[in-house]
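Q: let's see this in three dimensions:
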Amino acid sequence: MSLSIALVGAGSAVFTRNLLVDLLLSDLEDLDLRLVDPDQKRLRRVQAMAEALAERFPAKGLRVRSLPLDEALRGSQVAVLTADVGGDEALARDYQVALRHGVDQTIGDTLGPGGLMKFLRNAPLVDEVAERFAGRIVLNYMNPLSPLTALLWARGVEALGLCHSIPETAKTLARYLEVPLEALSYRAAGVNHLSWFVELKQGPEDLYPRLRTLAEGPLWREDPVRFELLRYFGLFPSESSAHASEYVPYFRKGLEAVRRYFAPGMPGDSGYYAKTHPEFVRQSAVLLEKEALEAPLERSGEYAVPLLEGLFLDKEASLYATLPNRGELPELLPGPVELPVEVRKGSLLPLPTRLPPGPAALSRRMQEVHALYVQGYVHRDPTLLLQALALDPLTGALLGLREVEGLFRDLVQSQTAPLPDFLRKGA
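A: Sure, this is the predicted structure:
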């Protein structure tokens with residue numbers, strides 16, 4: 001069968017190559033891939049790479065085109081969202097403004113001042129996709145993933161949030177435990193970027209006792225925040241220590257606290273992502289231009305293509321996705337949750353999972369803050385957005401309410417990327 005896919009944010013060269021290779025190695029055929037990105041220079045490079053890869057698989061019938069957003073979405077059965085409005089410049093500005101007010105971020109894409117502003121920059125694009133898309137499903141990779149996916153649902157769009165943090169964490173755990181990845185049995189659940197491994201086994205053996213022993217030794221330094229959360233909350237979380245340090249109020253109370261867990265210039269350090277990501281993007285683009293065609297073609301491990309094979313070819317697949325909580329995770333709220341999902345006969349079957357009270361409480365706080373993001377945007381209410389920032393665990397641990405208000409005002413006024421007009425009027 002033919003399948004048309006709009007890739008919004010195609011200038012992300014690494015993801016686009018991974019998606020292309022996964023498509024070319026899949027059982028999907030007669031593919032129409034429509035690339036969308038405002039950066040025309042990057043888009044031309046990516047299209048040239050895509051066309052060269054497609055030539056190696058002529059039987060696939062892969063057609064690659066660069067199109068404006070409205071044309072790309074018209075008639076597409078699938079939209080894949082990977083865009084980041086404002087990019088690294090906006091992220092660096094969020095970091096600098098927040099730091100002036102006393103909030104030290106290392107990444108800033110999910111919670112905190114950076115997470116809120118990234119949501120507000122990306123939400124209008126997601127809204128435009130929701131308005132124009134009439135296909136079967138939107139696969140969202142954009143951060144902050146949970147509230148942007150929830151915004152699509154609020155606009156009546158069938159959508160899933162996809163992220164590789166759980167399988168990547170599983171690889172890390174297999175390395176720590178010196179267990180072959182294929183022998184590691186696990187189940188995780190929670191909220192994107194703050195899910196928890198509720199099961200960790202090799203055959204019948206529970207691996208958590210061994211992991212807790214390792215956490216008390218030299219390995220602690222390699223993953224300090226996640227091992228601290230394991231010690232006090234009983235489970236190992238998804239995402240990195242750098243990410244996790246921003247989602248709870250314990251690890252970033254000033255530079256002295258940051259230094260306790262993170263070495264200078266390493267992931268987790270103050271502003272690490274804002275300082276290093278532009279060079280990473282540049283080097284990745286150069287590497288792709290040199291190696292995209294010569295490198296071995298193998299599946300990336302991303303979930304998008306196995307999911308599409310399941311939905312459109314009735315193939316079976318197992319993956320993790322963000323979808324509405326309809327009771328499968330009873331300890332969390334009815335909004336977005338990250339769960340194991342089986343794809344069977346073209347349908348998605350989320351697997352019921354339970355969380356202990358402590359980890360559930362941490363993930364629930366993230367849900368509550370993200371719900372205010374969505375409500376504030378949908379109802380055009382800056383007060384709800386201010387409340388979201390005040391309820392953020394890290395921001396609330398560092399600032400009083402009037403200080404939070406000053407931070408919110410300065411964040412809005414500092415933006416050069418377009419914000420929702422109701423915020424601009426109040427700035």
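
Q: tell me where the protein has strands.
A: 3-8, 31-36, 63-66, 78-81, 137-140, 159-161, 184-191, 194-202, 205-206, 236-237, 317-324, 336-344, 347-350 (DSSP state E).

Q: okay, now the sheet partners of the last one, with direction.
A: Sheet pairing here is set by DSSP bridges, and for strand 347-350 it gives strand 336-344 (antiparallel).

Q: how much does the partner strand deviate in direction from strand 184-191?
A: 130 degrees (axes from the mean of the first three to the mean of the last three C-alpha atoms, to 10 degrees).

Q: next, the buried residues of strand 336-344.
A: 336-341, 343 (16 or more other C-beta atoms under 10 Å). Glycine gets a C-beta too; all of them are placed from N, C-alpha and C.

Q: got the contact list for that strand?
A: 146-147, 149-150, 161, 163, 166, 187-192, 195, 238, 306-307, 310-311, 315-325, 328-329, 348-351, 353, 367, 370 (C-beta atoms under 8 Å, 6 or more residues apart in numbering).

Q: which among those residues count as buried?
A: So, by 16+ other C-beta under 10 Å, the buried ones in those are 146-147, 149-150, 161, 163, 166, 187-192, 195, 238, 306-307, 310-311, 315, 317, 319-325, 328-329, 348, 350, 353, 367, 370.

Q: if we can go back for a sec, tabulate the strands of the chain (a markdown table), appending distance to residue 274.
A: Below are the strands of the chain laid out as a markdown table (distance: least, C-beta to C-beta, whole Å):
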| stretch | distance to residue 274 |
| --- | --- |
| strand 3-8 | 24 |
| strand 31-36 | 25 |
| strand 63-66 | 29 |
| strand 78-81 | 22 |
| strand 137-140 | 23 |
| strand 159-161 | 24 |
| strand 184-191 | 24 |
| strand 194-202 | 21 |
| strand 205-206 | 40 |
| strand 236-237 | 23 |
| strand 317-324 | 25 |
| strand 336-344 | 26 |
| strand 347-350 | 35 |
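
Q: and of these, who's closest to residue 91?
A: Taking C-beta to C-beta, strand 78-81 is the member of the strands of the chain nearest to residue 91, at 17.7 Å.

Q: CA atoms of the closest one as CSV?
A: Output in CSV follows, covering the C-alpha atoms of strand 78-81 (Å, rounded to 0.1, in the frame of the first residue of the first chain):
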residue,chain,number,x,y,z
VAL,A,78,0.9,10.4,8.9
ALA,A,79,2.6,13.4,10.4
VAL,A,80,5.9,13.1,12.3
LEU,A,81,6.8,16.1,14.4
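
Q: list the contacts for the nearest residue to residue 330 once chain neighbours are set aside?
A: Excluding its sequence neighbours, the residue lying closest to residue 330 (C-beta to C-beta, 6 or more residues apart in numbering) is residue 354, at 7.0 Å. Neighbouring residues of residue 354 by C-beta under 8 Å, 6+ apart: 198, 329-331.

Q: max pairwise distance over the residues you listed: which two?
A: Of all pairs drawn from the contacts of residue 354, the one with the longest distance (C-beta to C-beta) is 198 and 330, at 13.1 Å.

Q: between the two, who's got more neighbours?
A: Neighbour count, other C-beta atoms under 10 Å: between residue 198 and residue 330, residue 198 has more, with 19 against 11.

Q: pretty sure the more buried one is touching residue 235, no?
A: Yes: using C-beta atoms under 8 Å, residue 198 makes contact with residue 235 at a distance of 6.4 Å.

Q: identify the contacts common to the two.
A: residue 356.

Q: could you report the distance from residue 105 to residue 115?
A: Noted for residue 105: a distance of 9 Å to residue 115, by C-beta to C-beta, to the nearest Å.

Q: who has more neighbours out of the two?
A: It is residue 115, of residue 105 and residue 115, that has more neighbours when counted by other C-beta under 10 Å, with 30 against 27.

Q: got a list of what the more buried one touches?
A: For residue 115, the contacting residues are 108-109, 143-144, 246, 392, by C-beta under 8 Å, 6+ apart.

Q: please repeat the previous calculation with a cut-off of 10 Å.
A: 94, 105, 107-109, 143-144, 146-147, 193, 246-247, 366, 369-370, 373, 388-389, 392, 394 (C-beta atoms under 10 Å, 6 or more residues apart in numbering).

Q: any idea of the pLDDT on residue 255?
A: For residue 255, the model assigns a pLDDT of 86.

Q: hang on, it packs against residue 104?
A: Yes: at 7.0 Å, residue 255 and residue 104 qualify as touching, with contact defined as C-beta atoms under 10 Å.

Q: any residues in contact with both of the two?
A: Shared contacts of residue 255 and residue 104 (C-beta under 10 Å, 6+ apart): 269-270.

Q: quick one, which of these two is more surrounded?
A: Comparing residue 255 with residue 104 by neighbour count (other C-beta under 10 Å), the higher total belongs to residue 104, at 21 against 12.

Q: next one: the residue nearest to residue 393 when sequence neighbours are not counted from residue 83, what distance?
A: The shortest distance from residue 393 to any non-neighbouring residue, by C-beta to C-beta, 6+ apart, is to residue 249 (4.4 Å). Separation of residue 249 from residue 83 (C-beta to C-beta) stands at 31 Å.

Q: residue 3 too?
A: Using C-beta to C-beta, residue 3 is found at 21 Å from residue 83.

Q: repeat for residue 323
A: Residue 323 is 21 Å from residue 83, where distance means C-beta to C-beta.

Q: now residue 189
A: For residue 189, the distance to residue 83 - C-beta to C-beta - is 27 Å.

Q: low-confidence ranges, the stretch 151-300 of the chain, go.
A: Residues of the stretch 151-300 of the chain that meet the criterion pLDDT under 70 lie in 281, 283-295.

Q: name the residue in residue 3 and residue 83 with the higher neighbour count.
A: residue 83 (23 against 20).

Q: residue 206 touches residue 198, doesn't it?
A: No: counting by C-beta under 10 Å, residue 206 does not reach residue 198; the two are 11.5 Å apart.

Q: how far is stretch 13-33 from where the chain is centred?
A: 20 Å (C-alpha atoms, centre = their mean, to the nearest Å).

Q: tell me how far residue 89 lies from residue 121.
A: 11 Å.

Q: who has more neighbours, the two?
A: Set residue 89 next to residue 121 and count neighbours by other C-beta under 10 Å: residue 121 wins out with 23 against 12.

Q: and the more buried one, what's its pLDDT?
A: In this model, residue 121 is scored at 97, pLDDT.
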